[in-house]
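Undergrad: take a look and give me a structure for this.
(chains A and B)
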Amino acid sequence: MEYRNDPEGQDSRYEENYSSTTPPLPPQEQQEYDIPPLKPGNWLWQSILATLFCCMPFGVAGIIYAVKVDSLYFNGKYEESERMARKAKMWTLISVGAALLYWILWIIMFATGNLPEYMENIIENNASGYNF
Amino acid sequence: MRKELKIGIGAGVTVLVAAALYIFYTFDPEAQPLFPKCPFLLATGYECPGCGSQRAVHSLLHFNIGTALKYNAFMVLAIPYIFLGIYLQYFGGKKRFPSVEKILFGRWAALALLAFILIFWIARNV
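TA: Numbering: from 1, shown residues only, chains lettered A, B, ... in the order given. Next up is the predicted model:
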């Protein structure tokens, strides 16, 4: 890790060296994506997993962002695609985290007998199984 | 990421999944109130796309595929897809079958799945 070169630092050093001897390099904007960056992971199957097992509609938000990741990438908007990938990841992880929290709370409440009354009523009324 | 860390995370996930499968095999979520109820269902009275997954997993582990399909058909159908996703991402499938990744996990697949989930969500509550 420590030995890895910082690409940005290197670039600026090169530019300094060049500026003393040669005219400044033309703006790199157009050249930047000659070789497109790798497509960011779109978190599609992870969000589906979260939708199914974490039972949180947040997982659906993850799928929506997964759609955006791919369509933006294939339209050449790599940076936006990257940003959507981060959002997809965020919503998937929110879904998983919320489910874990809910599960832990449920077990604590169940173990200490503090399940709110309405939940107990629901359980009794739906003995045939409204458990997700 | 360092290789040892990756192996450690993999081992941890495997142990957790095995423990969860054991619990879901032994206890019936239908009969045991220990299994948490879906918060969306408790709050709204409507089933979310994931409702029924716990019971479906229990049924699947006992090879009652018909019952599992009745509890949550989408989950049963999604399991092979998720395994394919895991294989492609973590076991080198991406390099070996890039076209499979592009077709089944690309934007049209994502759109189709999104539409399917929304339809499934509405249809199971009608």
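Undergrad: would you state the helices of the chain in chain order?
TA: No chain in the question, so chain A it is. Along chain A, counting by DSSP state H, helices occupy A:7-21, A:44-53, A:58-74, A:78-112, A:117-125.
Undergrad: switch to chain B, that's the one I care about
TA: Counting by DSSP H, the helices of chain B are B:3-26, B:39-44, B:53-61, B:65-90, B:93-96, B:98-104, B:107-123.
Undergrad: buried deepest among the ones you listed, which one?
TA: helix B:53-61 (a mean of 23; mean count of other C-beta atoms under 10 Å in any protein chain shown). To be clear about C-beta, it is placed using only N, CA and C from the backbone, and glycine gets the same treatment.
Undergrad: tell me the confidence at residue 33?
TA: As the question left the chain open, I've gone with chain A. pLDDT for A:Tyr33: 56.
Undergrad: if you could check chain B rather than the one you did, that'd help
TA: B:Pro33 is given a pLDDT of 71.
Undergrad: quick one: the helices of chain A as JSON lines, columns for mean pLDDT and distance to B:Gly52 too.
TA: Compiled in JSON lines, the helices of chain A are given as follows (pLDDT from 0 to 100; distance: least, C-beta to C-beta, whole Å):
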{"stretch": "helix A:7-21", "mean pLDDT": "50", "distance to B:Gly52": "49"}
{"stretch": "helix A:44-53", "mean pLDDT": "82", "distance to B:Gly52": "10"}
{"stretch": "helix A:58-74", "mean pLDDT": "84", "distance to B:Gly52": "15"}
{"stretch": "helix A:78-112", "mean pLDDT": "84", "distance to B:Gly52": "15"}
{"stretch": "helix A:117-125", "mean pLDDT": "63", "distance to B:Gly52": "16"}
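Undergrad: dump those helices into a markdown table; add distance to chain B and mean neighbour count as well.
TA: Shown next, in a markdown table, are these (distance: least, C-beta to the nearest C-beta, whole Å; neighbours: other C-beta atoms under 10 Å in any protein chain shown):
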| stretch | distance to chain B | mean neighbour count |
| --- | --- | --- |
| helix A:7-21 | 19 | 9 |
| helix A:44-53 | 3 | 26 |
| helix A:58-74 | 3 | 23 |
| helix A:78-112 | 4 | 16 |
| helix A:117-125 | 5 | 12 |
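Undergrad: need the contact partners of stretch B:108-118.
TA: Contacting residues not belonging to stretch B:108-118 are listed as A:42, A:44, A:48, A:51, A:60, A:63-64, A:66-67, A:70, B:49, B:74, B:103 [C-beta atoms under 8 Å, 6 or more residues apart in numbering or on different chains].
Undergrad: can you give me how far it is from the chain middle?
TA: Between the centre of stretch B:108-118 and the centre of its chain there are 16 Å (C-alpha atoms, centre = their mean, to the nearest Å).
Undergrad: alpha carbons only: can I get that stretch in CSV?
TA: Coordinates of each C-alpha in stretch B:108-118 appear next as CSV, following Å, rounded to 0.1, in the frame of the first residue of the first chain:
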residue,chain,number,x,y,z
TRP,B,108,-32.1,-4.6,-19.7
ALA,B,109,-31.9,-7.4,-17.2
ALA,B,110,-32.0,-4.8,-14.4
LEU,B,111,-35.0,-3.0,-16.0
ALA,B,112,-36.8,-6.3,-16.6
LEU,B,113,-36.2,-7.4,-13.0
LEU,B,114,-37.4,-4.1,-11.7
ALA,B,115,-40.6,-4.3,-13.7
PHE,B,116,-41.1,-7.9,-12.6
ILE,B,117,-40.6,-7.1,-8.9
LEU,B,118,-43.1,-4.2,-9.1
